[in-house]
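[1] I'll drop the sequence and a predicted model, then ask my questions.
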Amino acid sequence: MWQSDKSGAFRGPADWTYPPTLSPADRYDRRRLGWEIAIVLLVSVGQSAIYSVVSFVRAATRAPISQQQTQLNPSRSAEPLWDAIYQFLDIFFSLALVALAVYLLWEPANNALRRIGLDFRRFGGDLLRGILLVVLIGAPGIGVYAIGRSIGQSITVVPAPLDSSWWVIGLLVLAALRAGLTEEVIFLGFLFDRLRRLGWSWTGIIVSTALLRGSYHLYQGWPSALGNVVMGLVFGWCYKRWGRVMPLVIAHTIIDIVAFVGYPLAAAWWPAIFAPPAPASTPTPTS
């Protein structure tokens, strides 16, 4: 149950408290919350995490990790217009899962968006905090990927080309926003709320969601997964302290915009580190 001040206003996630004993109704609510968490995860980030782990195992057993590739925002059609339509629909339906998580958090007279801090009441401060997190997390993340490539433990990430159609950059920005909302609203806003209601400790919540975030990115190799675990720990601590998911959405979106749009430029400027390896040439038979 929620704790509020004398005015009845919600004070943020750091002030959540729970009754010392559980009534039959409370036990029913706990079982319902457990099923709710499982269902939301199985149709969103949990499903992606399972696919990511399977993809990594498959890649690791086929050939050396350094020779494997994965693509960011892969094309869905050879025809540019239909590719754009499919990409947009994919983003739209992914955001519907975010809307589902927010809907489940909604309570009578308790605005879910305000409760998790996904609003524009403090946008200036949220933006500054988001930019600070970009500096703190984004630059080291690029270094982690570069180190992983240099030691042959990161799967080569192939970016979407920027010169295929004029709308590509717009779709990549939307894809970055989709990633920021999906991960931060579900990992932080939804799971923190539900796991705390189940009586989990703050340490358990922050560590478990960070590990889930890391497994979600394991398809890029274990260095990237480890980097995302660290990101999850930092973001989880920030959410507990600030009680607002908006600065984390901003930071994540900016980081992914740099990755989706800036990565092709980095691959062109530093091909030895960022560009995918050239395919092996097939020897021409001689008569």
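    That came in fine, so what should we check first?
[2] Need phi/psi at Pro74.
    The phi/psi pair for Pro74 (degrees, to the nearest 10) reads phi -60, psi 150.
[3] and the helix or strand hosting Val57, what does it pack onto?
    Per DSSP states H and E, Val57 falls inside helix 45-62. Here helix 45-62 touches helix 24-42, helix 202-216, going by 3 or more C-beta pairs under 8 Å, 6 or more residues apart in numbering; DSSP states H and E. The C-beta positions use only the backbone N, C-alpha and C, and glycine is treated the same way.
[4] again, only this time at 7 Å
    Where contact means 3 or more C-beta pairs under 7 Å, 6 or more residues apart in numbering; DSSP states H and E, helix 45-62 is packed against helix 202-216.
[5] in this structure, which spans are strands?
    Assigned by DSSP state E, the strands in the chain fall at 69-71, 156-158.
[6] The first one pairs with which strands?
    In the sheet, strand 69-71 lines up against strand 156-158 (parallel) (DSSP bridges).
[7] picking that back up, would you format the strands of the chain as CSV with mean pLDDT included?
    Shown next, in CSV, are those (pLDDT from 0 to 100):
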stretch, mean pLDDT
strand 69-71, 74
strand 156-158, 70
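[8] deepest of those strands, which one?
    Compared across these, strand 156-158 shows the largest average neighbour count, a mean of 19 (mean count of other C-beta atoms under 10 Å).
[9] Can you pull up the most central residue in the protein?
    By C-alpha atoms, centre = their mean, the chain has its centre lying nearest to Glu183, at 3.4 Å.
[10] So, low pLDDT: which residues of the stretch 151-287 of the chain?
    For the stretch 151-287 of the chain, applying pLDDT under 70 flags the ranges 152-153, 158-164, 263-287.
[11] same thing but at 50, please
    For the stretch 151-287 of the chain, applying pLDDT under 50 flags the ranges 279-287.
[12] Would you map the helices across it?
    Secondary structure of the stretch 151-287 of the chain, counting by DSSP state H, counting those that start in this stretch: helices at 168-184, 191-197, 202-216, 222-242, 246-257, 263-269, 271-274.
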